[in-house]
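> need a 3D model of the following:
(4 chains)
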2 protein chains.
Amino acid sequence: MVRKDFMLRLMKYKRVLIQLRSLGFERVFSNNLGDAIGISAALVRKDLARIEMQGNRRGGYSIDAMLERLNRLLGGKEAQEAILVGCGNLGRALLNHEAFYKEGIKLVAGFDLVPPHSDIVGIPIYSMDELEDFINTRQTKVALLTVPTAAAAEVRDRLLRAGIRGILNFAPMELKCTGDCVIHNVNIGLEIENLFFLVNSLEDREAREGDSPVNCLSEGTTI
Amino acid sequence: MVRKDFMLRLMKYKRVLIQLRSLGFERVFSNNLGDAIGISAALVRKDLARIEMQGNRRGGYSIDAMLERLNRLLGGKEAQEAILVGCGNLGRALLNHEAFYKEGIKLVAGFDLVPPHSDIVGIPIYSMDELEDFINTRQTKVALLTVPTAAAAEVRDRLLRAGIRGILNFAPMELKCTGDCVIHNVNIGLEIENLFFLVNSLEDREAREGDSPVNCLSEGTTI
DNA sequence: TTATTATTGTGCCGATTGTAACAACAGATG
DNA sequence: CATCTGTTGTTACAATCGGCACAATAATAA
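Numbers count the residues shown, from 1 in each chain, chains lettered A, B, ... in the order given. From the prediction side, this is the model:
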């Protein structure tokens, strides 16, 4: 609950650093990073102190050193393997989502009650019958769950029994976990509802106050 | 930044209440709600006090009264209209996502550089050329952005110029906002990375401590 | 060598969050 | 009517977070 924000910031730093490095930079200052991800420079420095990343008092931080440290903390650079359960519309879309390849995440298989006849994107889609075997032999630890709401809880139990430790649930129902595991719920409906609420408040305020001051809210993933 | 969690809790209460009511319940206790969404009963009571929802000291809260209040706060029950820009895999998947219909959100149109010849789900998909006109005539205020990363910033500007006030961005790049608007970033890659990190820490800890205590993390949308 | 300057590292503070504990109270029971 | 039980409403509190400001310090210039 509390260090999630912290870790997310670390991941954002990493993204920015990779970008900067690819542009030829070698060092970075706390205020660069702060601007890039929309927080104060002081907070950046505090975060970096927390991961024992020390910079040069005049020349900022070494991008390479920092990336090295972040990679060690966040799980390294070798792509981590996850599976996807529930190859409906959303599931199939995620299977060939552009973002994953670049970010060290590899979806190695999809599972569905009725697997399609041909693989769509080069990622094999298996029948649910083979779920446990696959998890067992590949020692998969993380799964994306994109099954219909009604099936979500049951599939979660099955995944956990099979050895999965982390689940990213997309069904619009808060999944809790039972045992030693991590479950994150990505509820897109909630996101949108939230957005409507904020936009409505924005317009209300403007209507009330006439010309409103610039009011700009950009927020990160609820992740 | 700060009341986002609060509002998200309100929306979660609403979901649970709707479910409970459909099961025939009429009243609910703070600890029911707390259990349902994984927080303490005290926090539930505080939230309810904050929205001036008062319960009966013995009989808990009236579900109907609470839903009424929540609906007023969160934007009522009439479905709110949003559009979706970028009808690639993810975009099309969202266009027929089960969750939206039930949750008072209505995607009224999709837009793409090359709109498909036939509507896939009954939701019309238009060419990008018609974007501004549509927004203008329908007075749309919220958009889902599922275009490729490279185009995200440009399309955002276009949307904002056209009058959109809230954007839910799915491209794996932190979009900031320029003007009076709200932008939320749903970064699925970050979500997964985060999950890997947590699972790894979990396993590390267990390896270190031998038999670990039950350690169960279930968290809501980062959103 | 000395002064200057830019940037880090950190101690402190205010704000906010969620928890714990308890008093007030409504209804049930006898 | 009196008691008792269970739930709310509220107050106090501990933890944490992020911001500010400033001392420490490394590079540079004179």
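> what are the ranges of the strands in chain A?
A:27-28, A:61-62, A:80-85, A:105-112, A:125-127, A:142-145, A:166-169, A:181-185, A:216-219 (DSSP state E).
> now do the buried residues in the longest helix seen in chain A.
Secondary structure assigned by DSSP state H gives helix A:188-209 as the longest helix of chain A. Residues A:188-200, A:202 are the ones in helix A:188-209 that count as buried (16 or more other C-beta atoms under 10 Å in any protein chain shown). Placement of C-beta: from N, CA and C, glycine included.
> could I get it in CSV with only the CA atoms?
Extracted C-alpha coordinates of helix A:188-209, given in CSV (Å, rounded to 0.1, in the frame of the first residue of the first chain):
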residue,chain,number,x,y,z
ILE,A,188,-10.7,0.0,-16.3
GLY,A,189,-14.3,0.8,-15.7
LEU,A,190,-13.4,2.3,-12.3
GLU,A,191,-10.7,4.3,-14.1
ILE,A,192,-13.1,5.8,-16.5
GLU,A,193,-15.7,6.5,-13.9
ASN,A,194,-13.1,8.3,-11.9
LEU,A,195,-12.2,10.3,-14.9
PHE,A,196,-15.8,11.3,-15.4
PHE,A,197,-16.0,12.4,-11.9
LEU,A,198,-12.9,14.5,-12.1
VAL,A,199,-14.0,16.1,-15.4
ASN,A,200,-17.4,16.9,-14.0
SER,A,201,-15.9,18.5,-10.9
LEU,A,202,-13.6,20.5,-13.2
GLU,A,203,-16.5,21.9,-15.2
ASP,A,204,-18.5,22.5,-12.1
ARG,A,205,-15.8,24.6,-10.6
GLU,A,206,-15.3,26.6,-13.8
ALA,A,207,-19.0,27.3,-14.0
ARG,A,208,-19.0,28.5,-10.5
GLU,A,209,-15.8,30.5,-10.5
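> wait, what's in contact with A:I192?
Applying C-beta atoms under 8 Å, 6 or more residues apart in numbering or on different chains to A:I192 gives the contacts B:A82, B:F100, B:E103, B:I105, B:V142, B:L144, B:L168.
> how near is it to DNA strand D?
A:I192 sits 24 Å away from DNA strand D, going by C-beta to the nearest atom of the strand, to the nearest Å.
> before we move on, what about A:E52?
Distance check for A:E52 against DNA strand D: by C-beta to the nearest atom of the strand, it reads 16 Å.
> lowest confidence element among the helices and strands of chain A?
Counting by mean pLDDT, DSSP states H and E, chain A has its least confident helix or strand at strand A:216-219, which shows a mean of 48.
> pull the CA atoms of stretch A:34-43 into PDB?
Only the C-alpha atoms of stretch A:34-43 are listed here, as PDB (Å, rounded to 0.1, in the frame of the first residue of the first chain):
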ATOM      1  CA  GLY A  34      11.700  15.200 -11.300                       C
ATOM      2  CA  ASP A  35      10.500  17.200 -14.300                       C
ATOM      3  CA  ALA A  36      10.400  14.100 -16.400                       C
ATOM      4  CA  ILE A  37       8.000  12.200 -14.100                       C
ATOM      5  CA  GLY A  38       6.300  15.200 -12.600                       C
ATOM      6  CA  ILE A  39       7.600  15.300  -9.000                       C
ATOM      7  CA  SER A  40       9.900  17.500  -7.100                       C
ATOM      8  CA  ALA A  41      13.700  17.200  -7.300                       C
ATOM      9  CA  ALA A  42      13.900  16.700  -3.500                       C
ATOM     10  CA  LEU A  43      11.800  13.600  -3.700                       C
END
